[in-house]
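> sequence and computational prediction follow.
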Amino acid sequence: MPSASALILLLGSIAAGRVAYGLVLVLGFGLGMAVVLAGIGLLIVNARQLIERRPAMSGLRRVAAPIQLGTASLVVVLGIVLTGQALTQVL
């Protein structure tokens, strides 16, 4: 996943003449981001299994699909809006 912070860190280390140090920092930055994203993913998967096992949460199962569709639609719409805004600034 591209990161502006990692790019700035790497370019700063190149400008300072410490390329190896910058590469190590960017590698650590990337590994940290990967660990955090994997942890969040595992947490979400385990939370879903916990919720599905609870009988009192059966009403949640009925609204799960519309909630998922709504959040996915929101992400797509926001992506289109942000892309449109970026294109108006570029063009």
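Nice, thanks for sending it over. This structure is a prediction, so every number in the text was calculated from the model and none was measured.
> and the next helix or strand past the strand or helix carrying Leu43?
Taking DSSP states H and E as the definition, one finds Leu43 inside helix 19-53. As assigned by DSSP H and E, the chain's next helix or strand after helix 19-53 is helix 58-90.
> by how many degrees do that following helix and helix 19-53 diverge?
Angle, helix 58-90 to helix 19-53, by axes from the mean of the first three to the mean of the last three CA atoms, to 10 degrees: 150 degrees.
> what are the buried residues along helix 58-90?
Buried residues in helix 58-90, counted by 16 or more other CB atoms under 10 Å: none are found. Every residue, glycine included, has its C-beta placed from N, CA and C.
> quick one: mean pLDDT for that helix?
Average pLDDT, helix 58-90: 89.
> please state the offset of that helix from the chain centre?
14 Å (CA atoms, centre = their mean, to the nearest Å).
> how about stretch 12-32?
Stretch 12-32 sits 22 Å away from the centroid of its parent chain (CA atoms, centre = their mean).
> state the mean pLDDT of that stretch.
According to the model, stretch 12-32 has a mean pLDDT of 91.
> put the alpha carbons of it into PDB.
Extracted C-alpha coordinates of stretch 12-32, given in PDB (Å, rounded to 0.1, in the frame of the first residue of the first chain):
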ATOM      1  CA  GLY A  12      14.500  12.900   3.200                       C
ATOM      2  CA  SER A  13      17.000  10.200   3.900                       C
ATOM      3  CA  ILE A  14      18.200  10.400   0.300                       C
ATOM      4  CA  ALA A  15      18.600  14.100   0.600                       C
ATOM      5  CA  ALA A  16      20.500  13.700   3.800                       C
ATOM      6  CA  GLY A  17      22.800  11.100   2.200                       C
ATOM      7  CA  ARG A  18      21.700   8.300   4.400                       C
ATOM      8  CA  VAL A  19      19.900   6.000   1.900                       C
ATOM      9  CA  ALA A  20      20.500   2.700   3.900                       C
ATOM     10  CA  TYR A  21      19.000   4.300   7.000                       C
ATOM     11  CA  GLY A  22      16.000   5.500   5.100                       C
ATOM     12  CA  LEU A  23      15.400   2.000   3.600                       C
ATOM     13  CA  VAL A  24      15.500   0.400   7.000                       C
ATOM     14  CA  LEU A  25      13.100   3.000   8.300                       C
ATOM     15  CA  VAL A  26      10.700   2.500   5.400                       C
ATOM     16  CA  LEU A  27      10.900  -1.300   5.800                       C
ATOM     17  CA  GLY A  28      10.100  -1.000   9.500                       C
ATOM     18  CA  PHE A  29       7.200   1.400   8.600                       C
ATOM     19  CA  GLY A  30       5.800  -1.100   6.100                       C
ATOM     20  CA  LEU A  31       6.100  -4.000   8.400                       C
ATOM     21  CA  GLY A  32       4.400  -2.100  11.200                       C
END
